[in-house]
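Asker: can you look at this prediction? I've put the sequence above it.
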Amino acid sequence: MHLDTTIFKEYDIRGTYPKNVNEKVAYQIGKGYGSYIQEMFGQKSCVVGRDNRLSSLSLANQLILGITDSGCDVINYGLITTPMHYLTRHIHNLFGIMVTASHNPKDDNGFKFSFDYLANARGDMIYQFRDYVMKGIFLNGQGTVIHKDIKEEYLNYMKKNIHMGNRHVKVVIDLGNGATTCIAKEIHNLFPNIEPIYICDKSDGTFPNHHPDPAVEENMQMLKDKVKEVKADLGIAYDGDGDRVGIVLENGQYISADQYMILIIKHLLPTCSNKKVLYDVKCSKALEDEIVKLGGTPYVYRTGTSYTEARTKELNLPFSGEFSGHIFFNDRDFALGSGIYAGLRLIEILSHTEDHLSEMLKDVPHYYSTPEIKISTTNEHKFEVVKKVADYVHEKGYEANEIDGVRVNFENGWGLIRASNTGPNLTLRFEAKTEEFLQELKKEFTDVVEKYL
């Protein structure tokens, strides 16, 4: 059958259901995956999970059928979050596939999958698998399916790795109607000093209340309003599959993930022997400033949760994160990249103090910044535009980091121009010490981008 090769992204397979991701595609991916891990890695079984999108059950069923028709066995964990899926891989020491489109719109779906024990497949791993699938030469066999439940192990992981103090913490928790509805309440009930107030807590794959991406402030309005209404100590939100976190302070202010990371490292770094902290190119210089102030080493890395997780484990870093809200703790146990766990670590900090979160951020340097600016183009042309921007930067003699697009660094600010890895877009972000220089930066590089579109 014909597959749309554009569904093979930098970190996963993702598209629109049923246009280019459907049951036939799921079967083909499954048979390819089962054949691939047998032929390339000698693995005879894998784990599978799915989120709560409307199409995920039928896609998972056909995916599993494809895998077993290759002769590969499946351990099926059914409806779970992506971090729960990561734990199943860890427990069984197996590769696996999660049926999810993460934070994408309700009509999208896809597959996150692994070929090593560090993280999800990424970059060339995915493109090599794409080429294998497109050839369509697969193994045939009759694998078996075992149904299992990861809930008890996941609850034990949370209980073992969170150390609450004596303060009772009132938290508004926005489940976004996503996959975290299957486990979040049971997790928070493990800790008697958490006083949870839930919103959007009914499983609904149409995401009726707001888009399930806590990295976008407009999606957090319900949470902001509720935190102020009930005078909570903080608000926490998760994305559609539970691997991202978003935070609202006690005053109703939304903070970006790099501000969340500052709150964490203030408490984490003084206790760590390895003080290197990884963060992606989108993060604020305020994070770098705070890491240095605490005696740590800033490590700017490329965007992409698979890359972040893999690098964190390779270097055995205690902590890392991305502007998108993917957070990895590696200081206590196996790093799961869980939004729920990331939220619990912030609640843990509050439970040991009477301070407000806003007070903890008072001494952080203030920079003026833009949100992520997305400019539509084509998947083919976006890389060309970034190359032209890089040429412009070189001609100007500007200092730049090109690990992921072009991050141009100036004494009073920086600008980022990169190709999105998940869609036909360019992503721009700017930050400066003054509003005036911010606007200058934004104009200069927006003009350059538009010149080459």
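Answerer: All right, it came through fine.
Asker: right, and the helix or strand after the helix or strand where residue 266 lies?
Answerer: According to DSSP states H and E, residue 266 maps onto helix 257-268. Counting by DSSP H and E, the next helix or strand C-terminal to helix 257-268 is strand 276-280.
Asker: and that following strand, how far out from the chain middle?
Answerer: The chain centroid and the centroid of strand 276-280 are separated by 15 Å, computed with C-alpha atoms, centre = their mean, to the nearest Å.
Asker: just checking: what are the partner strands of that strand?
Answerer: Based on DSSP bridges, the pairing partners of strand 276-280 within the sheet are strand 297-301 (parallel), strand 319-321 (parallel).
Asker: from residue 170, how far out is residue 229?
Answerer: 12 Å (C-beta to C-beta, to the nearest Å). Just so you know, the C-beta spots here come from the backbone N, C-alpha and C atoms, and that holds for glycine as well.
Asker: pick out whichever of these two has more residues nearby.
Answerer: residue 170 (16 against 11; other C-beta atoms under 10 Å).
Asker: helix or strand next in line after the strand or helix carrying residue 237, which one?
Answerer: Residue 237 belongs to strand 234-238 when assigned by DSSP H and E. Going down the chain from strand 234-238, the next helix or strand is strand 245-248, by DSSP H and E.
Asker: all helices for the chain, in order.
Answerer: 23-41, 56-69, 82-92, 124-135, 151-161, 184-188, 221-230, 257-268, 285-293, 305-314, 339-351, 357-360, 381-396, 435-452 (DSSP state H).
Asker: okay if I get the ones you listed as JSON lines plus mean pLDDT and distance to residue 415?
Answerer: Converted to JSON lines, the helices of the chain look like this (pLDDT from 0 to 100; distance: least, C-beta to C-beta, whole Å):
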{"stretch": "helix 23-41", "mean pLDDT": "98", "distance to residue 415": "38"}
{"stretch": "helix 56-69", "mean pLDDT": "98", "distance to residue 415": "38"}
{"stretch": "helix 82-92", "mean pLDDT": "98", "distance to residue 415": "32"}
{"stretch": "helix 124-135", "mean pLDDT": "98", "distance to residue 415": "28"}
{"stretch": "helix 151-161", "mean pLDDT": "98", "distance to residue 415": "38"}
{"stretch": "helix 184-188", "mean pLDDT": "98", "distance to residue 415": "38"}
{"stretch": "helix 221-230", "mean pLDDT": "98", "distance to residue 415": "28"}
{"stretch": "helix 257-268", "mean pLDDT": "98", "distance to residue 415": "16"}
{"stretch": "helix 285-293", "mean pLDDT": "97", "distance to residue 415": "12"}
{"stretch": "helix 305-314", "mean pLDDT": "97", "distance to residue 415": "21"}
{"stretch": "helix 339-351", "mean pLDDT": "98", "distance to residue 415": "28"}
{"stretch": "helix 357-360", "mean pLDDT": "98", "distance to residue 415": "28"}
{"stretch": "helix 381-396", "mean pLDDT": "97", "distance to residue 415": "9"}
{"stretch": "helix 435-452", "mean pLDDT": "97", "distance to residue 415": "5"}
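Asker: so what's the residue nearest the centre of the chain up against?
Answerer: Geometric centre of the chain, nearest residue: residue 326, 3.7 Å, by C-alpha atoms, centre = their mean. Listed by C-beta atoms under 8 Å, 6 or more residues apart in numbering, the contact set of residue 326 reads 243, 244, 257, 305, 308, 309, 337.
Asker: switch the cut-off to 10 Å
Answerer: Counting by C-beta atoms under 10 Å, 6 or more residues apart in numbering, residue 326 touches 102, 215, 239, 243-245, 257, 280, 303-306, 308-309, 320, 337-339, 342.
Asker: residue 112 is nearest to which of the helices of the chain?
Answerer: helix 82-92 (6.5 Å; C-beta to C-beta).
Asker: sorry, back to before: pipe the strands paired with strand 276-280 into CSV and attach mean pLDDT, distance to residue 438 and mean neighbour count per row.
Answerer: Formatted as CSV, the strands paired with strand 276-280 follow (pLDDT from 0 to 100; distance: least, C-beta to C-beta, whole Å; neighbours: other C-beta atoms under 10 Å):
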stretch, mean pLDDT, distance to residue 438, mean neighbour count
strand 297-301, 97, 20, 16
strand 319-321, 98, 23, 26
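Asker: so which of the ones you listed comes closest to residue 384?
Answerer: strand 297-301 (23.9 Å).
Asker: angle of the closest one against helix 305-314?
Answerer: 140 degrees (axes from the mean of the first three to the mean of the last three C-alpha atoms, to 10 degrees).
Asker: what residues does strand 297-301 touch?
Answerer: Everything outside strand 297-301 that qualifies as a contact, by C-beta under 10 Å, 6+ apart, is 274-283, 285, 287-292, 307-308, 311-312, 315, 317, 320, 322, 401, 403-404, 407, 409.
Asker: again, only using 6 Å
Answerer: With C-beta atoms under 6 Å, 6 or more residues apart in numbering as the test, strand 297-301 has contacts from 276, 278, 280, 281, 288, 291, 311.
Asker: again, but for stretch 130-146
Answerer: 8, 31-32, 35-36, 68, 70-76.
Asker: hang on, residue 76 packs against residue 46?
Answerer: No: counting by C-beta atoms under 6 Å, residue 76 does not reach residue 46; the two are 10.0 Å apart.
Asker: which one of those two is surrounded by more residues?
Answerer: residue 46 (26 against 18).
Asker: thinking again about what came up before, distance to residue 4 added to the helices of the chain, as a markdown table?
Answerer: Shown next, in a markdown table, are the helices of the chain (distance: least, C-beta to C-beta, whole Å):
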| stretch | distance to residue 4 |
| --- | --- |
| helix 23-41 | 8 |
| helix 56-69 | 15 |
| helix 82-92 | 23 |
| helix 124-135 | 11 |
| helix 151-161 | 34 |
| helix 184-188 | 34 |
| helix 221-230 | 35 |
| helix 257-268 | 32 |
| helix 285-293 | 38 |
| helix 305-314 | 21 |
| helix 339-351 | 30 |
| helix 357-360 | 44 |
| helix 381-396 | 18 |
| helix 435-452 | 27 |
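Asker: figure out which of the ones you listed is closest to residue 199.
Answerer: helix 221-230 (5.6 Å).
Asker: quick one: buried residues of the closest one?
Answerer: By neighbour count with 16 or more other C-beta atoms under 10 Å, helix 221-230 contains the buried residues 222, 223, 224, 226, 227, 228.
Asker: kindly report the same for stretch 75-86.
Answerer: 75, 76, 77, 79, 80, 81, 82, 83, 84, 85, 86.
Asker: gap between it and the chain center?
Answerer: 16 Å.
Asker: and stretch 408-424, by the same measure?
Answerer: 19 Å.
Asker: now swap in stretch 31-38 and tell me
Answerer: 26 Å.
Asker: perfect, I'm done here.
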